[in-house]
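Engineer: Quick one, fold the following:
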Amino acid sequence: MIRVEGLVARYGRAVAVDGLSLHIPEGSFFGLLGPNGAGKTTFISCLAGLHPPAGGTIRVAGFDPVRQPREVLDVLGVVPQRIALYGRLSVVENLRVFAGLHGLHGRALSERVEWGLELSQLTAHRTKRVEALSGGMQRRLNLAVGLLHKPKVAVCDEPTAGVDPQSRNHIFATLRELHAQGLTVVYTTHYLEEVEALCDQIAIVDRGHVVRTGPLAELLQGHAAKRVELLHPTDREKVVAALEAAGIAVGETRGRTLEDLLLELTGSALRE
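Structural biologist: Take a look at the predicted model:
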């Protein structure tokens, strides 16, 4: 569905994406992970034709975002990290505006507006201004707006940031249902438990390129974290001190988590 080879993207002299290559199969629920500044949002901007690449190739369902932007926008739905709605317009007015921007009109437009109201569970608030909605309501509408035109692939950039648990569960259920219907989903988030719950494949990006990719289960399988359990310590304090000095935590044995893998590949130092 998405194939990227040697992608390079710059902001002036600063390199944001540095030779990134990635294949996202059709029908996958794909997690795109990495620390702040890793290049994820720039990568999404290049996919959507919003940022011109300095090198490499991109194909979205076979289309080139640079040479075929209209075709890419027809098959690609982007749910941005920031709320991309008109605050002074009502819920239904926002849906009508964005449906119109995708070329819908007449009966098709009306049907998709009703679909968007149902998906976002905002039918009862259809005439309310978006600026008066709660954060969770805005996030749900943000999702609906990005999917109005029935895209083949949806890129969701931190779609649950700052929402209440009920809205988060609704967004999860919506994406699972659409994925089951054939939608390819690319999902970015810093909430790693969401990736473990939703995604079947992942790519970890750091410093503008992919450092690890593959099925989530395979990446975690067979890799135990550095953690041991002391059953019969003769001198517990000395043993624990020695183990912890070697970077080995003491406690219950557990398997490797996605957080373990991410920190192992990208480091634990703070990022600006």
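Engineer: could I get whichever helix or strand residue 78 is part of in PDB with only the CA atoms?
Structural biologist: Assigned by DSSP states H and E, residue 78 falls within strand 76-79. Included here for strand 76-79 are C-alpha records, laid out as PDB according to Å, rounded to 0.1, in the frame of the first residue of the first chain:
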ATOM      1  CA  LEU A  76      -5.100   8.700   1.700                       C
ATOM      2  CA  GLY A  77      -6.800  10.000   4.800                       C
ATOM      3  CA  VAL A  78      -4.800  12.000   7.300                       C
ATOM      4  CA  VAL A  79      -5.900  12.400  10.900                       C
END
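Engineer: helix or strand right after that strand?
Structural biologist: The element immediately downstream of strand 76-79 (helix or strand, assigned by DSSP H and E) is helix 91-101.
Engineer: can you give me how far the strand holding residue 78 is from the chain middle?
Structural biologist: Distance of strand 76-79 from the chain centroid (CA atoms, centre = their mean, to the nearest Å) equals 11 Å.
Engineer: Other residues contacting it?
Structural biologist: Contacts to strand 76-79, defined as CB atoms under 8 Å, 6 or more residues apart in numbering, come from residues 44, 47-48, 60-61, 142-143, 145-147, 149, 151-157, 159. No exception for glycine: its C-beta is placed from N, CA and C like everyone else's.
Engineer: Please repeat the previous calculation with a cut-off of 6 Å.
Structural biologist: 48, 60, 143, 146-147, 151, 153-156, 159 (CB atoms under 6 Å, 6 or more residues apart in numbering).
Engineer: Give the partner strands of it in its sheet and their orientations.
Structural biologist: If you go by DSSP bridges, strand 76-79 pairs up with strand 153-157 (parallel).
Engineer: does the closest residue to residue 64 other than its chain neighbours belong to a helix or a strand, and which?
Structural biologist: Leaving out its chain neighbours, the residue that sits closest to residue 64 by CB to CB, 6 or more residues apart in numbering is residue 58, at 6.6 Å. Per DSSP H and E: residue 58 is located in strand 55-60.
Engineer: Which neighbouring elements make contact with that strand?
Structural biologist: For strand 55-60, the helices and strands in contact under the criterion 3 or more CB pairs under 6 Å, 6 or more residues apart in numbering; DSSP states H and E are strand 2-11.
Engineer: Counting by contacts, list what the helix or strand following the strand it packs on packs against.
Structural biologist: Scanning forward in sequence from strand 2-11 by DSSP H and E, the next helix or strand is strand 14-24. Helices and strands touching strand 14-24, by 3+ CB pairs under 6 Å, 6+ apart, are strand 2-11, helix 40-47, strand 209-215.
Engineer: just to revisit the earlier point, export the contacts of strand 76-79 to a markdown table and append columns for pLDDT.
Structural biologist: Formatted as a markdown table, the contacts of strand 76-79 follow (pLDDT from 0 to 100):
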| residue | pLDDT |
| --- | --- |
| 48 | 95 |
| 60 | 97 |
| 143 | 97 |
| 146 | 96 |
| 147 | 97 |
| 151 | 97 |
| 153 | 98 |
| 154 | 98 |
| 155 | 97 |
| 156 | 97 |
| 159 | 95 |
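Engineer: I'd like these as TSV, with neighbour count and distance to residue 81 appended.
Structural biologist: Below are those laid out as TSV (neighbours: other CB atoms under 10 Å; distance: CB to CB, whole Å):
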residue	neighbour count	distance to residue 81
48	18	13
60	27	19
143	24	12
146	22	12
147	21	16
151	22	18
153	23	17
154	21	14
155	26	11
156	25	9
159	26	8
